[in-house]
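Chemist: Sequence and computational prediction follow.
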Amino acid sequence: MKHPFTALLLMLMLIGKISLANSDEFRRLVLVTDASSGITSLSNSETRRLFLGFPVVKGGHSLEAAINRSDPFLYQVFLQRVVYMSSSVYERHLLTNVIQLGGQRPQAYTDARALISVLRESPGTVSMLWESDAKANGNLIILGEVWHGNVE
Amino acid sequence: MARQRGISALLHSFAGRIVLGGAIIHIVLIPFLFTGVLLIVAEGYKEQFVQYVRHDISQFAEHLAEGGDAEHLRQHLDEIALSGRTVFAQLIFDNGTVISASSNKPSAKFDEDFYFGEHNDGIYYISLPVDLEDGTTATLHLGYDEATAQEQIQNAYERGTVLAIGYILLSLLLVAILIPQLTRPLRKLRDAAQKIASGQAMEHLHVKSGIYEISDLSDDLERMRHELVTRNQAIAAREERIRAIMDNVVDGIITIDRNGIIESMNQAALQIFAYSSEEIIGTNLDTLLNQPYFCEYEQPDATTPTAPSVSFIGVSAHETVGRRKDGHAFPMEIAISELTHSEGRLFIAIVRDITERKQAEAEIRALQEDLEQRVIKRTRELAALNRELEHQALHDALTELPNRLLLQDRLRQGILVAQREQHPLALLITDLDRFKEINDTLGHHYGDLVLQQVAARLRSGLRESDTIARLGGDEFAVLLPMIDNEQDAINAARKLITIMEKPIILEDQSFHIGISVGIALYPEHGKDGSTLMRHADVAMYVAKRSTSDYALYDPSEDQHSISRLAMVSELRHAIEYKQLVVFYQPKIDLREGRIVGVEALVRWNHPQRGLLLPDDFIPLAEHTGLIRPLTFFVLDEALHQSHLWQKAGLNLRIAINLSARHLQDEQLASKVDVTMRQWNIAPELVEFEITESAIMANPLRAMETLTQLSAMGVSLSIDDFGTGYSSLVYLKQLPVDEIKIDKSFVLDMLDNNEDMVIVRSTVDLAHNMGRRVVAEGVESEQVLDVLIKLGCDMAQGYYISRPVTANVLTGWLQKTQWHSQRNTGAR
């Protein structure tokens, strides 16, 4: 072989590919809030309205949305299953909602731990988490499933 | 740098480099730029596709929520599938019932996508839960064809590539068009620089350009050109100046290359060697060197750079022999120094024709040799002269005896020896008796001869180890270093006295000269030279006063010596402070019986010893030289008194005594003249009395002085006539007016017939020679009468008046029987 280095690189990539293929993991994206919120469930419509920046009151509490952007795939699942929008259209929508309607833009978090802290400390805050993460924090309750499937 | 051609030349040109640089920039950056843009555009297409799909499925889900039977739902799904992009539609109920659109491919497998092209199957699968109105729930699966979006993205890529290539080409085209505009002024600058480089720098350089850098470069080049021109002019001027200096220096300057070839010669060098510049430039340096010294020039080694003459190189000059064009050899000085410059090594030879110098050196050498000989000769002469001077310094010129200085030295040495060997030493000092009379009477010449004979005679009476020295005048000293006792010294003194008892014969005349000897002994009378000298001198004065001719020092007699020295000091003080008094003794004219003059006689009014007569201090004054100021004091006092008498109406001629020493004084006449003028005294009223012996001491000199005084109009008188050794020949020639007979003849003339004869003869002699006669020592009327009878002209003596002060004399004149001569002429 003229290029042993190239062959070695391709081999490593193939192994990596196989390895990645074999690492598919079943995951479940769930809607969560703090247990002290007193909320047990949210409909699809309420969830969509909440994350589009519209006010949602449940059980006498005004809810607030917290966008989880710590995982790009999670965020895409959220966009596709909750708000039915692409990322840029969703951003534009939130901006329009804030400017034209005086609504409040949901806070976005790129750090999962910070997001979980906010959920604990601010009852009535609703966000998306992988189910494994939600269950790892005992104070959070799952309001419903958004999506489930294998994730590479 | 060698020029290249074709593409290589283009790549090495300014334009080529700009084009190449532009191309590289565009080739690197444009794909990067366009790729970035296309990626953004592609992401936009994908985003747009995803938004469309997500929105579309939500709309379909709402329609399907209205529900219906299975057929209705399948028709609905078919309508969705017919909408355009949807290629897969399926509704899956929770109970497992599946309703698919008719157009679905059986092979199609739903795999939900969340990114465009996620599964590379060309279909974007998406699902959404549907809550039907009948309470059932299902999940809507749709599949959208990604081909359209892919085509749009592909199309964007293709167009972008074409645009990028077109952009690059257009850019290169524009660069190719614009570069000549840029390089044209640069070419002009290059042409101008080439002109400057080729020496055509006088033309001004100015290239117009709208580009600052080029116009600035043009200005800089113009400044550089101007600076270059200025510097070139300065260099040319400096070279011209250096050339002028080189051609005007006295020394010849030759530059030689490392092979010894002459490169240049200045005018001085050409003149020295008598070559023209064309003849000598390019030839070897050995052309200028003479054959015998040719060996000093070494031919350079062809392989190594060498000096033209190793032996000549150096800072100092080297003398050799040069050769002119005509072959004439001449002495030459040459100094070669090495200079290393940018083009290699150069040798500078400085040559000088030293023919004249060599000749001068030869002359100088001859002169030096001559001078050395003369110096040697002169040194010998000086050595002899020194010896002579040393001899003169230590010896008396007249007697050739050691002088006082040498005596003192020998005395010092003798004392040291005597001290060391514990034996006595004697110092004798002698003084000749009656030498003064001989000196004054016969003159210094005879005195000198006497001294020479005395010296020889004394020398003959001493041992070789003894020293006899002349101390001055008629004083001699004898040093006896080898005696055993006092008696030896006395015996030596007696021997000397005996030797001197025999008369000294000079020119057939016999002189008896005795000596007085003072003796001082070491260590008894003194332990040093000066003490011995002083004590021997005291003893000698004691001997003079005693009957013996010698005396041993006696401390009790020393007082006399001290008093004598004190008297000299007191006399000097007396003259200075006018303690001397002038007495006047009148002279009368025997024919007219009246006073015609006075003789001034000095007295010393001593503060302790009272009034002293001349015999008490005049000899001392003559011996010490104080006689001169003393006489001038008397002269001034006497003429002052004469002035006062004149004012009182008395015309008395004043006679003043002069000593022998005055007759030797060349200043006497002028001093007398000044004093007479000072007191306004007529010369006729002034008379000088001189003894015979004073005149005969030096008759010629006395004649000269007396002639000067006589010419002034003053009278001259010979005092104490008959007591000396007067020569009638001299007496006849002397310009004297008067002769005074010594009082020793006058006093006894009445009782001594011989004295009477002398007085009478003297009167007759004087009258026969036309001189007046004055008799001194007239102490009685009888003598006066005899003198009148003998025809004596004037008389002077106690009978008439003793010497008295001026005041007493003035009073005496008023009451005496002798009338004085008055201004009115009355007697």
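Modeler: That came through, no problem.

Chemist: these two touch, right, residue B:703 and residue B:734?
Modeler: Yes - taking contacts as CB atoms under 8 Å, residue B:703 lies within contact range of residue B:734: 6.6 Å. Every residue, glycine included, has its C-beta placed from N, CA and C.

Chemist: the more surrounded of the two?
Modeler: More crowded of residue B:703 and residue B:734, by other CB atoms under 10 Å in any protein chain shown: residue B:734, with 21 against 16.

Chemist: In three-state terms, label the closest residue to chain A within chain B for me.
Modeler: Relative to chain A, the nearest point of chain B is residue B:51 (3.6 Å; CB to the nearest CB). Three-state call for residue B:51 (DSSP: H, G, I helix; E, B strand; the rest coil): helix.

Chemist: Around it, how many other residues sit close by?
Modeler: When neighbours are defined as other CB under 10 Å, residue B:51 has 19 of them.

Chemist: Excluding covalently adjacent residues, which one is nearest to it?
Modeler: Among residues not flanking residue B:51 along the chain, residue A:86 sits closest, at 3.6 Å (CB to CB, 6 or more residues apart in numbering or on different chains).

Chemist: count of residues packed around the one you found?
Modeler: By the measure other CB under 10 Å, the count of residues near residue A:86 is 23.

Chemist: Would you check that it makes contact with residue B:50?
Modeler: Yes - counting by CB under 8 Å, residue A:86 touches residue B:50, with 4.5 Å between them.

Chemist: rewinding a little: I figured the residue of chain B closest to chain A hits residue A:91, correct?
Modeler: No - at 11.4 Å, residue B:51 does not count as touching residue A:91 under the criterion of CB under 8 Å.

Chemist: Can you name every helix or strand that the strand or helix carrying residue B:670 contacts?
Modeler: Using DSSP states H and E, the element containing residue B:670 is helix B:668-679. Contacts defined by 3 or more CB pairs under 8 Å, 6 or more residues apart in numbering or on different chains; DSSP states H and E place helix B:668-679 against helix B:627-647, helix B:699-712.

Chemist: and that helix, which residues are buried?
Modeler: B:668, B:669, B:671, B:672, B:675, B:676, B:679 (16 or more other CB atoms under 10 Å in any protein chain shown).

Chemist: rewinding a little: quick check: the gap between the residue nearest to residue B:51 and residue B:650.
Modeler: 175 Å (CB to CB, to the nearest Å).

Chemist: Equivalent analysis for residue B:257, please.
Modeler: Distance, residue B:257 to residue B:650, by CB to CB: 118 Å.

Chemist: sec struct for the nearest residue to residue B:528 once chain neighbours are set aside, please.
Modeler: By the measure of CB to CB, 6+ apart, the closest residue to residue B:528 outside its immediate chain neighbours is residue B:415, 6.9 Å from it. Three-state assignment for residue B:415 (three-state DSSP): helix.

Chemist: Could you tell me how many residues sit around residue B:415?
Modeler: When neighbours are counted by other CB under 10 Å, residue B:415 registers 21.

Chemist: so who does it touch?
Modeler: B:425, B:522, B:527, B:528, B:529, B:532 (CB atoms under 8 Å, 6 or more residues apart in numbering or on different chains).

Chemist: and chain A, which residues reach chain B?
Modeler: Within chain A, the positions near chain B by CB under 8 Å from any CB of the partner chain are A:44, A:73, A:76-77, A:79-81, A:84-89, A:149.

Chemist: Do a quick rundown of the strands in the stretch 201-350 of chain B.
Modeler: B:252-256, B:262-265, B:318-323, B:329-341, B:344-353 (DSSP state E, counting those that start in this stretch).

Chemist: Ok, which of those comes nearest residue A:119?
Modeler: strand B:329-341 (91.7 Å; CB to CB).

Chemist: so that closest one versus strand B:344-353, what angle?
Modeler: Angle between the axes of strand B:329-341 and strand B:344-353 is 150 degrees (criterion: axes from the mean of the first three to the mean of the last three CA atoms, to 10 degrees).

Chemist: could you pull out the helices for chain A?
Modeler: With DSSP state H as the criterion, chain A has helices at A:4-21, A:44-51, A:72-78, A:87-101, A:112-121, A:131-136.

Chemist: Which elements pack onto the shortest one?
Modeler: Think helix A:131-136. Contacts defined by 3+ CB pairs under 8 Å, 6+ apart place helix A:131-136 against strand A:25-34, strand A:140-151.

Chemist: buried ones in it?
Modeler: Going by neighbour count (16+ other CB under 10 Å), the buried part of helix A:131-136 is A:131, A:133, A:134.

Chemist: Same question for the third one.
Modeler: Of the residues in helix A:72-78, A:74, A:75, A:76, A:77, A:78 count as buried by neighbour count, 16+ other CB under 10 Å.

Chemist: The fifth one too?
Modeler: Taking 16+ other CB under 10 Å as the neighbour-count basis, helix A:112-121 is seen to contain the buried residues A:112, A:115, A:116, A:118, A:119, A:120.

Chemist: Report the angle between it and strand A:140-151.
Modeler: Orientation check (the same axes, to 10 degrees): helix A:112-121 against strand A:140-151 gives 150 degrees.

Chemist: packing partners for helix A:112-121?
Modeler: Using 3+ CB pairs under 8 Å, 6+ apart, the elements in contact with helix A:112-121 are strand A:25-34, strand A:64-68, strand A:107-109, strand A:125-130, strand A:140-151.

Chemist: how about those in TSV, adding mean neighbour count and mean pLDDT?
Modeler: TSV is the format used below for those (neighbours: other CB atoms under 10 Å in any protein chain shown; pLDDT from 0 to 100):
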stretch	mean neighbour count	mean pLDDT
strand A:25-34	20	93
strand A:64-68	22	95
strand A:107-109	16	95
strand A:125-130	24	95
strand A:140-151	17	91
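
Chemist: Let's have those strands in a markdown table, adding distance to residue A:48.
Modeler: Shown next, in a markdown table, are the helices and strands packed on helix A:112-121 (distance: least, CB to CB, whole Å):
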| stretch | distance to residue A:48 |
| --- | --- |
| strand A:25-34 | 11 |
| strand A:64-68 | 10 |
| strand A:107-109 | 17 |
| strand A:125-130 | 12 |
| strand A:140-151 | 11 |
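
Chemist: Show the low-confidence segments of the stretch 401-550 of chain B, by residue range.
Modeler: B:440-441, B:545, B:547 (pLDDT under 70).

Chemist: measure the closest residue to chain B within chain A to residue B:126 for me?
Modeler: When scored by CB to the nearest CB, chain A has residue A:86 as its residue closest to chain B, at 3.6 Å. Separation of residue A:86 from residue B:126 (CB to CB) stands at 12 Å.

Chemist: what touches both of those two?
Modeler: By CB under 8 Å, 6+ apart, residue A:86 and residue B:126 have these common neighbours: residue B:54.

Chemist: Could you pick out the residues of chain B near chain A for me?
Modeler: Residues of chain B lying near chain A (CB under 8 Å from any CB): B:47-48, B:50-51, B:54-55, B:57-58, B:112, B:114-115, B:126, B:128-129, B:131.

Chemist: residue contacts, residue B:272?
Modeler: Listed by CB under 8 Å, 6+ apart, the contact set of residue B:272 reads B:252, B:322, B:324, B:332, B:351, B:352, B:353.

Chemist: Relative to residue B:806, which of those is nearest.
Modeler: Using CB to CB, those come closest to residue B:806 at residue B:352, 94.2 Å.

Chemist: List the contacts of the closest one.
Modeler: Listed by CB under 8 Å, 6+ apart, the contact set of residue B:352 reads B:250, B:251, B:252, B:272, B:317, B:332, B:333, B:334.

Chemist: Kindly recompute the last result at 7 Å.
Modeler: Under the criterion of CB atoms under 7 Å, 6 or more residues apart in numbering or on different chains, the neighbours of residue B:352 are B:251, B:252, B:332, B:333.

Chemist: Most neighbours among those, which one?
Modeler: Within those, most neighbours by other CB under 10 Å means residue B:332, with 26 neighbours.

Chemist: quick one: contacts for that one?
Modeler: Contact partners of residue B:332, counting by CB under 7 Å, 6+ apart, are B:320, B:321, B:322, B:351, B:352, B:353, B:354.

Chemist: Quick check: residue B:205 touching residue B:221?
Modeler: Yes - the criterion here is CB atoms under 7 Å, and residue B:205 meets it with residue B:221 at 5.4 Å.
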